[in-house]
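Output the structure for:
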Amino acid sequence: MSAAVELRIARPRHFLELRDFNRPALRALLEQAAAFKRARPARSEKLAGKTLAMIFEKPSTRTRISFEVAMRELGGDAIVLAPRDMQIGRGETIADTARVLSRYVQAIMLRTDSASKLRELARYASVPVINGLTELSHPCQVLADVMTFEEHRGPIGGQIVAWVGDGNNVAASWIEAAALFGFSLWLGCPAGYQPAADVLAWAERLGADVTVLADPVAAVTGARCVVTDTWISMANSEDEAAARHAALAPYQVTPALMAKAAPDAIFMHCLPAHRGEEVTAEVIDGPASVVFDEAENRLHVQKAILAWCLG
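The predicted model follows:
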């Protein structure tokens, strides 16, 4: 592990972005996740006496359940918190919340629409902070996606992955993964929906093979994995939703689009999915889809992250 990475992950061991780690560190997390998966349903006492506080400013199915089950299966406990349950919902600062929670629990997971809140929480917490999702990234999800790819198609290094649709927070973490794991990432995104310029610039500085294309067919041609995500979020107004539909409709993942990928290409989606919008039912429910393997692997990856943060 490089000296720079050592400095960034000095205790407390935060898990904030994939870019905070090097390839050997991420590979070690994946190996630990695979070991946890092989050992299930056996339980562990690795985190006995440890409690994780989970703060949800955005609702969740997979993030909440996978983290909660992960803590229990590792012998620990989890507390679920929403802003309405805390003084943070009445104006208490993030810094004070971080300091207080650090006296009660051994780790904090935050799922939020504000990356600045995550960074502030990590700055003032004396226990590990985990990024459960921000508007800029979703590292837990993409680490599980890499695990899923390798289960089905072998080492991801040197492979081609295609992202189709909105260049959102999940796409940003895929860009970081491409740079760190050494695979090619082709993103098919319409104008106005391309990935954040700073993430692309970071990947370019590392010499990553990341290409943004306007044509979805060009993006998926020859890819061994096609990935998409929802077009509309709860934060979008009706007018914004209509504009998004109009811009992204040509980027729907259909059987015809999948046919342009490699013959053995798999399909991924972090869920929840909207059949008939970003993907057709024929694709997401078809033989190429591995979306429920992805969902399961969130549990195993979360176990590895928790064990690393609290190890």
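
Identify the residues contacting stretch 32-43?
Residues from elsewhere that reach stretch 32-43 (Cβ atoms under 8 Å, 6 or more residues apart in numbering): 73-75, 143-144, 147, 297, 300-301, 303-304, 307-308. Every residue, glycine included, has its C-beta placed from N, CA and C.

how does it look with 6 Å?
For stretch 32-43, contacts defined as Cβ atoms under 6 Å, 6 or more residues apart in numbering pick out 73, 147, 300-301, 303-304.

do stretch 240-258 as well
Outside stretch 240-258, the residues touching it (Cβ under 6 Å, 6+ apart) are 164-165, 190, 216, 220, 228, 231-232, 279-280, 282-283.

After the helix or strand hosting residue 201, which helix or strand is next?
Using DSSP states H and E, the secondary-structure element containing residue 201 is helix 197-205. Per DSSP H and E, helix 197-205 leads on to strand 210-213 as the next helix or strand towards the C-terminus.

rewinding a little: what residues sit buried inside the helix holding residue 201?
Across helix 197-205, burial judged by 16 or more other Cβ atoms under 10 Å covers 199-200, 202-203.

Please apply the same query to stretch 200-219.
Here stretch 200-219 shows 200, 202-203, 208, 210, 212-213, 216, 219 as buried, counting by 16+ other Cβ under 10 Å.

Now do the lengthiest helix in the chain: which elements does it pack against?
Of all segments of type helix in the chain, defined using DSSP state H, the longest is helix 291-310. Where contact means 3 or more Cβ pairs under 6 Å, 6 or more residues apart in numbering; DSSP states H and E, helix 291-310 is packed against helix 23-39, helix 62-73, helix 139-153.

I'd like the average pLDDT over that helix.
The average of the pLDDT scores along helix 291-310 is 98.

Could the C-alpha coordinates of that helix be exported in PDB?
What follows is helix 291-310, C-alpha atoms only, in PDB (Å, rounded to 0.1, in the frame of the first residue of the first chain):
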ATOM      1  CA  VAL A 291     -28.900  -8.200 -10.800                       C
ATOM      2  CA  PHE A 292     -29.900 -10.400  -7.900                       C
ATOM      3  CA  ASP A 293     -26.400 -11.700  -7.500                       C
ATOM      4  CA  GLU A 294     -25.300  -8.100  -7.300                       C
ATOM      5  CA  ALA A 295     -27.900  -7.400  -4.600                       C
ATOM      6  CA  GLU A 296     -26.700 -10.400  -2.600                       C
ATOM      7  CA  ASN A 297     -23.100  -9.400  -2.900                       C
ATOM      8  CA  ARG A 298     -23.800  -6.100  -1.200                       C
ATOM      9  CA  LEU A 299     -24.100  -8.200   2.000                       C
ATOM     10  CA  HIS A 300     -20.700  -9.900   1.600                       C
ATOM     11  CA  VAL A 301     -18.900  -6.700   0.500                       C
ATOM     12  CA  GLN A 302     -20.400  -4.800   3.400                       C
ATOM     13  CA  LYS A 303     -19.100  -7.500   5.800                       C
ATOM     14  CA  ALA A 304     -15.600  -7.000   4.400                       C
ATOM     15  CA  ILE A 305     -15.800  -3.300   4.700                       C
ATOM     16  CA  LEU A 306     -17.000  -3.400   8.200                       C
ATOM     17  CA  ALA A 307     -14.400  -6.000   9.200                       C
ATOM     18  CA  TRP A 308     -11.700  -3.700   7.600                       C
ATOM     19  CA  CYS A 309     -13.000  -0.500   9.200                       C
ATOM     20  CA  LEU A 310     -13.200  -2.100  12.700                       C
END
